[in-house]
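S.K.: model the following, please.
(chains A and B)
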Amino acid sequence: GESVGLHLPTLSVQEGDNSIINCAYSNSASDYFIWYKQESGKGPQFIIDIRSNMDKRQGQRVTVLLNKTVKHLSLQIAATQPGDSAVYFCAENIHPGGSYIPTFGRGTSLIVHP
Amino acid sequence: DGGITQSPKYLFRKEGQNVTLSCEQNLNHDAMYWYRQDPGQGLRLIYYSQIVNDFQKGDIAEGYSVSREKKESFPLTVTSAQKNPTAFYLCASSIDTTSRGYNEQFFGPGTRLTVL
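M.R.: Reported below is the predicted structural model:
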């Protein structure tokens, strides 16, 4: 899984399997989190977000879980497809001086084998 | 067709030269950002702007400069003072930086800068 400050990890899965990508965030005051997907040579794209007053949020084939006690976030992708192969980033929103500025982890590379 | 554009996609510069990367958005967003991404790394914030004619330094502003004369434009200049400028540069925008729950960032396609 991913953790801010560590090297880029890689997760390899078979097509059709479920994928779980993990993220440990650092700031206990962060109250808004976003998962982004970045395909090779492109800019990141929003996948799903979650606020700190929630433990779970579901989208289409994706679920984000938030555990504030241990400052951990996960992204679950159901029935992973080759098109899901990308680098996935979590971002925590901290707020210096009242502005919400995202801080990104280093990402997890997801490789889906057909 | 709303979005955020960056140009050029690939840029080469000689050591010692300044170069300016373009970023334009037609999403009517107040906030714009510049990030740098190195291989196998996350995104590091260079500068951000919350409103026209205002901008703030991010974590790695040294060797970079920006301007925000128009709401839709936020060009980044990589100066000769930047020691290691070869990287992938990403521009982003968001509605603003103060509304909780509305801080989703929309990213451009990026500019890959190579210093020869």
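S.K.: neighbours around the residue of chain A with the smallest separation from chain B, how many?
M.R.: Nearest residue of chain A to chain B: residue A:43, at 3.3 Å (CB to the nearest CB). For every residue, glycine as well, the C-beta is placed using N, CA and C. The tally of other residues near residue A:43 (other CB atoms under 10 Å in any protein chain shown) stands at 22.
S.K.: give me the pLDDT value at it.
M.R.: Predicted confidence (pLDDT) for residue A:43: 93.
S.K.: so what's it closest to, chain neighbours aside?
M.R.: residue B:107 (3.3 Å; CB to CB, 6 or more residues apart in numbering or on different chains).
S.K.: same deal with residue B:105?
M.R.: In space, residue B:105 is closest to residue B:92, 4.2 Å off (CB to CB, 6+ apart).
S.K.: how about the residues of chain A by chain B?
M.R.: A:4, A:7-8, A:31-32, A:34, A:36, A:41-46, A:49, A:51, A:89, A:93, A:98-107 (CB under 8 Å from any CB of the partner chain).
S.K.: just the buried ones among those residues, please.
M.R.: A:4, A:31-32, A:34, A:36, A:43-44, A:49, A:89, A:93, A:99-107 (16 or more other CB atoms under 10 Å in any protein chain shown).
S.K.: pretty sure the residue of chain A closest to chain B is touching residue B:88, no?
M.R.: No: if you go by CB atoms under 8 Å, residue A:43 and residue B:88 don't touch, sitting 9.3 Å apart.
S.K.: what residues are shared contacts of the two?
M.R.: Shared contacts of residue A:43 and residue B:88 (CB atoms under 8 Å, 6 or more residues apart in numbering or on different chains): residue B:110.
S.K.: each with direction, which strands does the biggest strand by length in chain A pair with?
M.R.: Counting by DSSP state E, the longest strand found in chain A is strand A:86-94. Strand A:86-94 pairs in its sheet with strand A:32-38 (antiparallel), strand A:101-104 (antiparallel), strand A:108-113 (antiparallel), by DSSP bridges.
S.K.: make a markdown table out of those strands and add distance to residue B:57 and mean pLDDT.
M.R.: Shown next, in a markdown table, are the strands paired with strand A:86-94 (distance: least, CB to CB, whole Å; pLDDT from 0 to 100):
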| stretch | distance to residue B:57 | mean pLDDT |
| --- | --- | --- |
| strand A:32-38 | 22 | 93 |
| strand A:101-104 | 11 | 83 |
| strand A:108-113 | 29 | 95 |
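S.K.: which one, of these, ends up nearest to residue B:46?
M.R.: Residue B:46 lies closest to strand A:101-104 among the strands paired with strand A:86-94, at 12.0 Å (CB to CB).
S.K.: contacts for the closest one?
M.R.: For strand A:101-104, contacts defined as CB under 8 Å, 6+ apart pick out A:4, A:26-27, A:34, A:36, A:89-95, B:35, B:42-45, B:48, B:58, B:97, B:103, B:105.
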